[in-house]
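A.B. asks: With the input below, show me the fold.
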Amino acid sequence: MQVETRRKQRRIEVLAGLTIILAVASYVTSLLLDFNFVSPYATLQEDLSYLFTNQLNLQISVWAWMGTSIITFLAIPPFLKLFHKRMKVFHYVNAFWLLGAAVGFMLMGIAGINLYQELQGGAQNLLDETDEQLWIKLLGLFQDEQFYRRIGSSFVGLFAIGLAFSRVQMKRFPLFASILLLACGPTMIFFNWYDPDHLIRTAAMAGIVIGVSTFSVRVINKGL
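C.D. replies: Numbers count the residues shown, from 1 in each chain. Next up, the predicted model:
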């Protein structure tokens, strides 16, 4: 009976580890396929022209973030199951942070879809004019997308902090991963709102990816 229980627990650990790694991989993929059309060094005409001629890149970016949202949401049940017998309440808090990230990225994708549809409905001759009203509307949609991106990424930072504190109740939690997550989580949240384009924010994202991946690999190979 004890052997069978352990086998069942190992299956849960492997499933949870794989789904979390998949969510991390989708997050990294979305960052690589990310689309940004507003430039402080370009004119209004150049921004509109670039946006109209790169609609495919925008569409790819939107669906990548939607996919990340769905995969993150699907990772929540295995994550809860993994900690079900090890924690009483704290794992629900961490799952809430994951849910917040999933919702943030979903809203970000919806804002991107609205932006794409606005482009589809726009007339091609707008490129030959300086239509400030159109540009302001597109810029507003883009800013909505950026806002939800910060929301989703901030929840990722909160999840990193919460996951790091899991070591308090689980001594087998990788020490390296907990230190990395505890350092990078607050850093990314701060730079999300202070300076999203700062190199330190990029480094913090990379640290979170490494920390969560280290935790997941440990769960898959040795369990908790």
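
A.B. asks: What is the subsequent helix or strand relative to the longest helix belonging to the chain?
C.D. replies: Selection of the longest helix in the chain by residue count, based on DSSP state H, yields helix 132-165. Of the helices and strands lying after helix 132-165 in sequence (DSSP states H and E), the nearest is helix 175-194.

A.B. asks: Using PDB, write out the CA atom coordinates for whichever helix or strand comes after that following helix.
C.D. replies: Remark: after helix 175-194, the chain's next helix or strand is helix 199-221, criterion DSSP H and E. Once non-C-alpha atoms are left out, helix 199-221 reads as follows in PDB (Å, rounded to 0.1, in the frame of the first residue of the first chain):
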ATOM      1  CA  LEU A 199      18.100  45.600 -18.300                       C
ATOM      2  CA  ILE A 200      17.700  44.700 -14.600                       C
ATOM      3  CA  ARG A 201      14.000  43.700 -15.300                       C
ATOM      4  CA  THR A 202      15.200  41.400 -18.100                       C
ATOM      5  CA  ALA A 203      17.700  39.900 -15.700                       C
ATOM      6  CA  ALA A 204      15.100  39.400 -13.100                       C
ATOM      7  CA  MET A 205      12.800  37.600 -15.600                       C
ATOM      8  CA  ALA A 206      15.700  35.300 -16.500                       C
ATOM      9  CA  GLY A 207      16.300  34.600 -12.800                       C
ATOM     10  CA  ILE A 208      12.700  33.700 -12.200                       C
ATOM     11  CA  VAL A 209      12.700  31.400 -15.300                       C
ATOM     12  CA  ILE A 210      15.900  29.700 -14.000                       C
ATOM     13  CA  GLY A 211      14.600  29.400 -10.400                       C
ATOM     14  CA  VAL A 212      11.200  28.000 -11.400                       C
ATOM     15  CA  SER A 213      12.800  25.600 -13.900                       C
ATOM     16  CA  THR A 214      15.300  24.400 -11.200                       C
ATOM     17  CA  PHE A 215      12.400  23.700  -8.800                       C
ATOM     18  CA  SER A 216      10.400  21.900 -11.600                       C
ATOM     19  CA  VAL A 217      13.400  19.700 -12.500                       C
ATOM     20  CA  ARG A 218      13.900  18.800  -8.900                       C
ATOM     21  CA  VAL A 219      10.200  17.800  -8.600                       C
ATOM     22  CA  ILE A 220      10.400  15.700 -11.700                       C
ATOM     23  CA  ASN A 221      13.700  13.900 -10.800                       C
END
